[in-house]
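> Build me a model:
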Amino acid sequence: MTLYQEYTLPDGKIKIRKVVKGRYIQEEMKLLYTSERDILSIQLLDKNFLQKPK
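The predicted structure follows:
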């Protein structure tokens, strides 16, 4: 199962990162070049579930 985190920023941009086991939120923020206070929402997505035909 492949999991992704979707980050929504205040300007409406959406950034998606693959979840890496053992990585802390602070490390994610460095990779996204942003800070925790700049994130409006975070969603955890299952890529396999999203790709299933309906």
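> which stretches of the chain form helices?
Taking DSSP state H as the test, the helices found in the chain are 25-32, 47-51.
> weakest of the ones you listed by average pLDDT?
Lowest mean pLDDT within the helices of the chain: helix 47-51, a mean of 63.
> all strands of the chain, in order?
Applying DSSP state E to the chain gives strands spanning 3-8, 14-18, 41-46.
> Please tell me how far stretch 13-23 is from the chain's geometric centre.
4 Å (CA atoms, centre = their mean, to the nearest Å).
> Can you dump the C-alpha atoms of that stretch in CSV for me?
What follows is stretch 13-23, C-alpha atoms only, in CSV (Å, rounded to 0.1, in the frame of the first residue of the first chain):
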residue,chain,number,x,y,z
LYS,A,13,-1.4,25.3,-3.9
ILE,A,14,-1.4,21.6,-3.1
LYS,A,15,1.8,19.7,-2.5
ILE,A,16,1.9,15.9,-2.4
ARG,A,17,4.6,13.8,-0.8
LYS,A,18,5.0,10.1,-0.5
VAL,A,19,4.9,8.9,3.1
VAL,A,20,8.3,7.7,4.3
LYS,A,21,8.2,5.5,7.5
GLY,A,22,10.0,7.1,10.3
ARG,A,23,10.1,10.7,8.9
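> before we move on, back to that, between the strands of the chain, which gets the lowest average pLDDT?
Across the strands of the chain, strand 41-46 gives the lowest mean pLDDT, at a mean of 76.
> tell me the angle of that strand relative to strand 14-18?
Strand 41-46 and strand 14-18 are oriented at 40 degrees to each other (axes from the mean of the first three to the mean of the last three CA atoms, to 10 degrees).
> Given strand 41-46, what are its sheet partners and their directions?
Applying DSSP bridges, strand 41-46 is found paired with strand 3-8 (antiparallel).
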